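Trainee: coords please:
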Amino acid sequence: MRIERDRAKTTLKTRYEIEKIRQSGKVLVELFQFVRPLMQEGERLLNISRAVGEFIEKAGVKPAMRGFGDYPEVCSLSVGPVAVHGLAGNTVLKEGDLVTLDVVVEHEGWHADAAWTYGVGALDPDLRRLLRAAWAASVAGIEATRAAGRIGDIGAAVQSAADRYGCSVLEPFVGHGIGREIHEGPTVFHTGEAGVGEPIVPGMVLTVEPVITLEPTEVAPGKDGFSLVTETGKPAAQFEQTLAVTAQETMILTSQRWKEFRNLDFPPEL
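Mentor: Reported below is the predicted structural model:
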């Protein structure tokens with residue numbers, strides 16, 4: 001999401017409410033595994049979007065992106081220079097593409113949000129570096145999300161991880177609180193200074209979702225009126241999870257294998 005969209009109050013969640021959000025998150029875990037075989041050369045994004053919609057319907061949850069801010073589709077599919085909010089259209093995947101799937105679902109009034117970038121076939125070294133940087137930045141941001149910390153810790157960790165790979169964070173895109181509403185407080189900046197910003201406290205449920213590029217760039221509106229495209233014309237990558245902060249730990253509500261995934265230096269195949 002873009003920074004200016006989130007002006008909402010931070011609403012702390014109970015254990016019961018966190019478990020309700022986890023139920024929505026479990027559907028996303030299964031969805032991201034389901035679509036992996038579809039991310040192949042020759043596949044149309046429109047077919048992938050339809051498959052996502054059918055999966056969501058069969059799972060008994062609602063596609064919360066459709067109609068949010070007038071967005072017309074059940075999910076966002078962003079390819080190549082489309083950084084976020086891509087529409088499916090008639091785009092056909094080709095060898096070497098990066099595809100980011102971003103989905104929000106709602107069940108019994110509670111939302112979960114996640115995104116994953118898939119590689120199509122063989123990727124050149126720069127795109128593998130970009131994927132590695134995006135994964136490392138996401139992991140670093142998640143690991144920095146701890147009770148008694150501050151929101152600035154997240155941004156500092158994300159930025160440091162991206163820098164290690166010679167990549168850049170797209171600053172206009174931030175994480176956010178989530179629960180009854182898709183966008184709640186706090187705003188989670190993906191750049192910043194450790195030890196500053198809003199305190200991270202038990203009961204916060206939020207997303208960490210940095211968008212990473214190979215080099216610094218601005219974004220511009222795409223021709224479809226929804227997507228935002230890198231001005232360099234080069235691709236972006238993103239991994240997003242929904243997290244719940246407790247006094248004892250931070251739980252990842254959109255991954256069931258985080259203890260395994262957190263130690264990987266390249267995004268897993270799912």
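
Trainee: All the helices of the stretch 1-150 of the chain, in order from the start?
Mentor: With helices called from DSSP state H, counting those that start in this stretch, the stretch 1-150 of the chain shows them at 15-35, 45-59, 125-143.

Trainee: could you dump those helices to CSV with mean pLDDT, distance to residue 219 and mean neighbour count?
Mentor: From N, CA and C alone the C-beta is placed, and that goes for glycine too. Listed next are the helices of the stretch 1-150 of the chain as CSV, based on pLDDT from 0 to 100; distance: least, Cβ to Cβ, whole Å; neighbours: other Cβ atoms under 10 Å:
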stretch, mean pLDDT, distance to residue 219, mean neighbour count
helix 15-35, 98, 24, 19
helix 45-59, 98, 20, 17
helix 125-143, 98, 16, 21
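
Trainee: Next, format those helices as CSV and append distance to residue 111.
Mentor: CSV is the format used below for the helices of the stretch 1-150 of the chain (distance: least, Cβ to Cβ, whole Å):
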stretch, distance to residue 111
helix 15-35, 6
helix 45-59, 13
helix 125-143, 18
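
Trainee: To residue 244, which of those lies closest?
Mentor: With Cβ to Cβ, the closest approach to residue 244 among the helices of the stretch 1-150 of the chain belongs to helix 15-35: 4.5 Å.

Trainee: Could you check the angle the closest one makes with helix 45-59?
Mentor: Helix 15-35 runs at 140 degrees relative to helix 45-59, counting by axes from the mean of the first three to the mean of the last three Cα atoms, to 10 degrees.

Trainee: circling back to that earlier point, of all the helices of the stretch 1-150 of the chain, which one comes closest to residue 225?
Mentor: Closest among those, once you apply Cβ to Cβ, is helix 45-59, at 16.6 Å.
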